[in-house]
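1. Give me coordinates for this.
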Amino acid sequence: MILKGSQRAGGRQMALHLLNADQNEHVNVHEVSGFMTDNVLGALNEAYALSKGTKCRQFMYSLSLSPPENEKVSIQTFEETLDRIEKKLKLEGQPRVIVFHEKEGRRHAHCVWSRIDSEEMKAINMSHDHRKLNDISKSLFIEHGWELPNGFKDKSKKNPLNYTRAEWQQAARIGRKASDIKRELQESWTVSDNRKGFENALRESGYYLARGDQRGYVAVDIHGEVYSLSKKLSVKAKELETRLGKTETLPSVPETKDKISNQLSGLFTRYSDELKAQNTKEMKPLLRKKQEITMRHRAVRAQLHTIQQEHWYAAELKRAARIRRGFKGLWDKLNGRYWKTRKTNERETWQAHKRDQKQREELTHKQLTERQNLQVQINLMRQNQETERTELIRDLTHIKTHEKKKTRVSERSKSHKKDHQNDLDFGDHDIDFEPEL
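-> Numbering: from 1, shown residues only. From the prediction side, this is the model:
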C-alpha cells in the first residue's frame with residue numbers, strides 16, 4: 001500500500017477535495033471522530049479554529065492510502081493500517097476524518113488528522129514522517145504478499161512517473177495524463193547527451209527548452225504550459241547545467257511561447273481539434289457506459305443502505321423491548337437479568353454492524369471488478385489516442401523542419417542568383433567603360 005502524507009493548511013479546500021463527487025465515481029465518508037460536528041467541512045473548520053490558538057499554520061496532516069491496483073483490500077485492513085500510522089507518527093487520539101474514493105475501478109482512502117494537541121495547545125511535530133510512512137508501506141507489501149514496487153527493491157528504480165496533484169491538474173487542463181507528460185520528458189532526457197540532442201528529442205514530443213522565471217530549466221509545450229525540468233526529471237540543477245549549459249543562453253518562457261505561436265500553434269490547433277473531435281466520438285460509447293455503470297452502482301448502494309437502515313431500526317426496537325421499565329426494570333437490575341440482556345443486546349448490535357459492513361464490502365468488490373473490466377477498454381483507447389497525438393506532433397515538427405530547410409535553400413538560391421547577376425552587371429560596366437579605339 002502506497003502511503004503519501006503531508007502537512008497542510010486550508011481546511012475548506014481540503015474538505016471540498018475529499019467530498020469531490022465530480023472527479024470520483026463514489027465518495028464514502030467512513031469516519032468523523034474527535035470533533036464536535038459529524039460532517040467533514042465542519043470538522044476541518046473546527047480544526048482550523050483550534051489552530052488559531054497556536055502559531056501553527058499547517059494544522060492538518062493529510063494522508064492518502066493507495067492499495068496495489070489489482071488487490072482487494074478490506075476496510076479492516078485500512079483501519080488497522082491507520083492505527084499503525086497513528087502510533088508511529090504520534091497522532092493517537094487526535095481528531096480525524098476518513099474518506100474513501102473510488103475511481104477507474106480502484107479504491108483508495110484519505111485520512112486527515114488535526115495536528116493540534118488540545119490539552120497543550122501546540123502542534124504535534126511530524127519529523128521524519130516520510131521515512132516512517134515508507135517503513136510501514138514496505139511492511140504492508142511484505143505482510144500481505146503483494147508484489148513490491150521497484151522503488152522498495154532498489155531506490156534507484158523508484159517509479160519516475162509518480163506525480164503530484166498540481167501536476168495532475170496541469171495535465172487535466174490540456175486533456176492529458178500527468179504520467180504521459182513526465183514519461184515523454186524523461187525519455188527525451190534519457191536518449192540525449194547534450195543540449196542539441198535534448199532539444200531535438202523534446203521537439204519530437206512537442207516541447208521546447210526555455211529559461212524559467214527563476215533562471216531554472218523548463219520545457220514549454222505547444223499549449224503554453226510550463227514544466228520544471230528539475231522536478232519532472234528528478235535531476236539536480238548542477239547536472240542540468242552540465243549537459244545543457246548556462247540558462248542565460250536559453251530563450252525566456254515568453255520568447256519561447258511567441259516562437260511556438262509563430263511556428264506551430266495555428267497548424268497544431270487545427271489538426272489537434274480535428275483529432276480531439278475524432279477521439280471524443282470514439283470514446284463516447286465507453287464514457288456513456290461508464291456513466292451508466294456509476295449511476296447503477298450508486299443506486300444499488302443506496303438501496304442496500306435503505307434496507308440495512310430499516311433492518312437496523314427494527315432490530316433496535318426489538319432489543320429495546322427486552323429492557324423492562326419501572327419496578328420490573330429495577331428488579332431485573334437487582335437479580336442480574338438486566339445486565340445479561342444488555343450484554344446480549346450489545347453483542348447482537350456488534351454482530352449486526354459487522355454483518356452490514358460485510359454486505360457493503362462484498363457489494364463494493366463486486367462493483368469494482370465490473371468497473372475494472374470497463375477501465376481496461378478505456379485505457380487501451382486512451383493509449384491509442386495518445387499514440388495518435390504523439391505522431392501528430394512528430395509529423396508537424398518534421399513538416400516545420402522541412403519547411404525551414406526549403407526556406408534556407410530558397411534563400412541561398414536567391415542569394416546565389418543575385419550575386420551571379422551582380423557579376424554580369426559588373427562585367428557589362430567594364431565593357432561600357434572601355435576606351436574607344
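
2. And the strands in the stretch 1-150 of the chain, which stretches?
-> All strands of the stretch 1-150 of the chain, identified by DSSP state E, counting those that start in this stretch, fall at 2-8, 26-33, 60-66, 96-103, 106-114, 116-117, 122-123.

3. Throw these into CSV and include mean pLDDT, thanks.
-> Output for the strands of the stretch 1-150 of the chain, formatted as CSV (pLDDT from 0 to 100):
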stretch, mean pLDDT
strand 2-8, 91
strand 26-33, 93
strand 60-66, 93
strand 96-103, 94
strand 106-114, 94
strand 116-117, 92
strand 122-123, 92
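
4. Mind putting these into CSV with mean neighbour count and distance to Ile293?
-> For the C-beta atoms, the positions are set from N, CA and C on the backbone; glycine is no exception. Shown next, in CSV, are those (neighbours: other Cβ atoms under 10 Å; distance: least, Cβ to Cβ, whole Å):
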stretch, mean neighbour count, distance to Ile293
strand 2-8, 17, 26
strand 26-33, 16, 11
strand 60-66, 21, 22
strand 96-103, 21, 11
strand 106-114, 22, 14
strand 116-117, 20, 42
strand 122-123, 16, 43
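
5. how near is the closest residue to Ser6 other than its chain neighbours to Lys87?
-> Sequence neighbours aside, Ser62 is the residue nearest to Ser6 in space, at 5.8 Å (criterion: Cβ to Cβ, 6 or more residues apart in numbering). To Lys87, Ser62 is 18 Å away according to Cβ to Cβ, to the nearest Å.

6. and what of Ser118?
-> Remark: distance between Ser118 and Lys87 (Cβ to Cβ) = 19 Å.

7. which residues of the stretch 201-350 of the chain score low on pLDDT?
-> The model of the stretch 201-350 of the chain has pLDDT under 70 over residues 215, 263-269.

8. what about the helices in the stretch 301-437 of the chain?
-> Counting by DSSP state H, counting those that start in this stretch, the segments of the stretch 301-437 of the chain that form helices are 326-335, 337-432.

9. between those helices, which gets the lowest average pLDDT?
-> Among the helices of the stretch 301-437 of the chain, helix 337-432 carries the lowest mean pLDDT, at a mean of 74.

10. all helices of the stretch 101-250 of the chain, in order?
-> With DSSP H, counting those that start in this stretch as the criterion, the stretch 101-250 of the chain has helices at 129-143, 150-153, 165-173, 178-190, 195-204, 229-233, 237-244.

11. Arg322 is nearest to which of those?
-> Arg322 sits nearest to helix 129-143 of all those, at 42.0 Å, using Cβ to Cβ.

12. how far does the closest one sit from the chain's center?
-> Its chain's C-alpha centre and that of helix 129-143 lie 21 Å apart, by Cα atoms, centre = their mean, to the nearest Å.

13. Need the residues that contact it.
-> For helix 129-143, contacts defined as Cβ atoms under 8 Å, 6 or more residues apart in numbering pick out 1-5, 61, 63, 68, 81, 84-85, 88-89, 146-149, 152.

14. buried stuff in that helix?
-> For helix 129-143, burial by neighbour count (16 or more other Cβ atoms under 10 Å) applies to Asp129, Lys132, Leu133, Asn134, Ile136, Ser137, Lys138, Leu140, Phe141.

15. okay if I get these as JSON lines plus distance to Glu282?
-> As requested, these are exported to JSON lines (distance: Cβ to Cβ, whole Å):
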{"residue": "Asp129", "distance to Glu282": "44"}
{"residue": "Lys132", "distance to Glu282": "46"}
{"residue": "Leu133", "distance to Glu282": "40"}
{"residue": "Asn134", "distance to Glu282": "41"}
{"residue": "Ile136", "distance to Glu282": "43"}
{"residue": "Ser137", "distance to Glu282": "38"}
{"residue": "Lys138", "distance to Glu282": "41"}
{"residue": "Leu140", "distance to Glu282": "39"}
{"residue": "Phe141", "distance to Glu282": "37"}
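
16. ok, of those, which one's closest to Asn373?
-> Once Cβ to Cβ is applied, the member of the buried residues of helix 129-143 that ends up nearest Asn373 is Phe141, at 25.3 Å.

17. Break the protein down into its domains, please.
-> Domain assignment for the chain by automatic domain parsing gives 2-157, 165-251, 285-401.

18. want to throw the ones you listed into a markdown table with distance to Ile260?
-> Output for these, formatted as a markdown table (distance: least, Cβ to Cβ, whole Å):
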| stretch | distance to Ile260 |
| --- | --- |
| domain 2-157 | 30 |
| domain 165-251 | 6 |
| domain 285-401 | 11 |
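
19. ok, and what's touching stretch 345-364?
-> By Cβ under 8 Å, 6+ apart, the residues outside stretch 345-364 that reach it are 74-75, 102, 107, 300-301, 304, 308, 311-312, 315, 319, 322-323.

20. Let me fix that, I meant to ask about stretch 375-388.
-> Against stretch 375-388 from outside (Cβ under 8 Å, 6+ apart): Glu104, Gly105, Arg176, Lys177, Asp180, Leu275, Asn279, Glu282, Met283, Leu286, Leu287, Lys290.

21. any idea how far the nearest residue to the last one once chain neighbours are set aside lies from Asn279?
-> With Cβ to Cβ, 6+ apart as the criterion, Lys290 has its nearest non-adjacent residue at 6.1 Å, and that residue is Leu374. To Asn279, Leu374 is 18 Å away according to Cβ to Cβ.

22. For stretch 180-199, C-alpha coordinates in CSV please.
-> Presented in CSV, the C-alpha positions along stretch 180-199 are these (Å, rounded to 0.1, in the frame of the first residue of the first chain):
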residue,chain,number,x,y,z
ASP,A,180,2.4,10.7,-20.1
ILE,A,181,3.9,14.1,-19.8
LYS,A,182,6.5,13.0,-17.3
ARG,A,183,7.4,9.9,-19.3
GLU,A,184,7.9,12.0,-22.5
LEU,A,185,10.2,14.4,-20.8
GLN,A,186,12.2,11.7,-19.1
GLU,A,187,12.6,9.7,-22.4
SER,A,188,13.9,12.8,-24.1
TRP,A,189,16.5,13.2,-21.3
THR,A,190,17.5,9.6,-21.5
VAL,A,191,18.1,9.5,-25.2
SER,A,192,20.2,12.7,-25.4
ASP,A,193,23.7,13.5,-24.1
ASN,A,194,23.9,17.2,-25.0
ARG,A,195,21.7,20.3,-25.3
LYS,A,196,21.2,20.0,-29.1
GLY,A,197,20.1,16.3,-28.8
PHE,A,198,17.8,17.1,-25.9
GLU,A,199,16.2,20.0,-27.7
